[in-house]
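Visitor: Structure, please.
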Amino acid sequence: MSADCGLWIAKYILCIFNFFFFVSGTIVLSAGIWLAVDKASLIALTKMADNEDIYQFTQPAVIEQMAYVLIVCGAIMFVLSFLGYCGAIRESKCLLTTYGVFMILLLVTEFTVGGLASAYKDRARSETKSFLQSTITKYYSTGEHTDAVTLMWDQMMGTFSCCGVENYRDFESSESWVANKKNRTIPEACCVLTNIAKSIPRDENCTTNPSEGNSYFENGCYNAFIDWILLHKEIVLGVLLGVGIVQLLAIFLAFCLCKSIAKYHGMRL
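Guide: Numbers count the residues shown, from 1 in each chain. Presented below is the predicted three-dimensional model:
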């Protein structure tokens, strides 16, 4: 097998590709574990930086939720890339087959979700809106009680110039928001902002007296996000196609190496 130039190239392409993701996954997983067990160190480091823009990102609740996301993503990257790298470098049929099967399952899941979303557009739209609304209902609070979900919504509303899922009324379902909103009608992030990171409204009366001129209180984020995707559909489709091609290439190389390894050991026997 070592004399076959094409298979030698395939082997090391698979090694390099998975080594990159192995290192990335290790970094992400390590960062997640560090944040989960030692929040105080990150908070201390950000205080030394003396940057108010990142203060809201270093609240204990935000760090804890962010840590869990990093751990899950890092673990998936770590396991898959470990199987692919070790399987290729050690020429192990077992590891390569396992890697290939997991990649196929991942690709099939992606196509299935995309196909179901296309075939049942109304149901997919309804379920997506229900899920987004549930995050507001269960977790959204005020700036004084920040967590990762609240921060995510504030950044999204500021970036996409929108408010809630459908409109500002969505926040009335959040007990935490209602209990702590004081005289506000809408969150600061629903206003026309001078600073998105800090959610600073251009009009200081916006939160109590929202209008079409000083806020986006009637502009739902679901429609705003769909409009953004349609506006950038070439880029979105290009990224999705690129990811699919990379996955197919990894699957193809893994099973080609498996076949070659079996053939090589058969010739030796």
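Visitor: Let's verify Glu166: helix, strand, or coil?
Guide: What DSSP: H, G, I helix; E, B strand; the rest coil gives for Glu166 is coil.
Visitor: now swap in Cys258 and tell me
Guide: Here Cys258 is recorded as helix under three-state DSSP.
Visitor: mind listing what it touches?
Guide: Lys93, Leu96, Thr97, Gly100 (CB atoms under 8 Å, 6 or more residues apart in numbering). (C-beta placed from N, C-alpha, C; glycine too.)
Visitor: Return the members of the residues you listed classed as buried.
Guide: If you count burial by 16 or more other CB atoms under 10 Å, the buried members of the contacts of Cys258 come out as Leu96, Thr97, Gly100.
Visitor: Give me the subset of those lying in helices.
Guide: Among the buried ones among the contacts of Cys258, the members found in helices (DSSP state H) are Leu96, Thr97, Gly100.
Visitor: looking at this protein, which helix or strand does the model trust least?
Guide: For the chain, using mean pLDDT, DSSP states H and E, the weakest element among its helices and strands is helix 39-49, scoring a mean of 63.
Visitor: right, and the helix or strand after that helix?
Guide: Later in the chain than helix 39-49, the nearest helix or strand by DSSP states H and E is helix 60-89.
Visitor: buried set for that following helix?
Guide: By neighbour count on 16+ other CB under 10 Å, the buried set for helix 60-89 is 61-63, 65-67, 70-71, 74, 77-88.
Visitor: want to throw the ones in helices among the buried ones among the contacts of Cys258 into CSV with pLDDT and distance to Cys256?
Guide: Conversion of those to CSV gives the following (pLDDT from 0 to 100; distance: CB to CB, whole Å):
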residue, pLDDT, distance to Cys256
Leu96, 89, 9
Thr97, 90, 12
Gly100, 91, 10
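Visitor: Any chance of a markdown table for these, columns distance to Leu237?
Guide: Output for those, formatted as a markdown table (distance: CB to CB, whole Å):
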| residue | distance to Leu237 |
| --- | --- |
| Leu96 | 31 |
| Thr97 | 31 |
| Gly100 | 26 |
